[in-house]
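Novice: Let me see the structure of the following:
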Amino acid sequence: MSLADVEARSDQCIRDFGRQVLFVEPGRFSQPYAYTIGLSLRGHPEFWFVA
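Specialist: Below you'll find the predicted structure:
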């Protein structure tokens, strides 16, 4: 997917569900984590999840 495709998909998820959760796979020196996008648009805090 191109960057434009990813951004369009994220925008659509936020419009449809009010948020999107993005997961980041672990790297050689980092843990996996996830974070929300879109909650602050509705007056709520964003979340950061570390596995």
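
Novice: Kindly state the beta-bridge partners for the residue positioned nearest the centre of the chain.
Specialist: In the chain, the C-alpha nearest the mean C-alpha coordinate belongs to Leu22, at 3.1 Å (C-alpha atoms, centre = their mean). Counting by DSSP bridges, Leu22 is bridged to Tyr35.

Novice: residues contacting it?
Specialist: Ser10, Ala34, Tyr35, Thr36, Ile37 (C-beta atoms under 8 Å, 6 or more residues apart in numbering). (C-beta placed from N, C-alpha, C; glycine too.)

Novice: What of Asp16?
Specialist: Counting by C-beta under 8 Å, 6+ apart, Asp16 has no contacts.

Novice: secondary structure class for it?
Specialist: helix (DSSP: H, G, I helix; E, B strand; the rest coil).

Novice: Could you check the pLDDT of it?
Specialist: Looking at Asp16, its pLDDT stands at 96.

Novice: could you pull out the strands for the chain?
Specialist: Listed in chain order, the strands found in the chain under DSSP state E are 20-24, 33-37, 48-50.

Novice: and the first one, which residues are buried?
Specialist: Meaning strand 20-24. By neighbour count on 16 or more other C-beta atoms under 10 Å, the buried set for strand 20-24 is Gln20.
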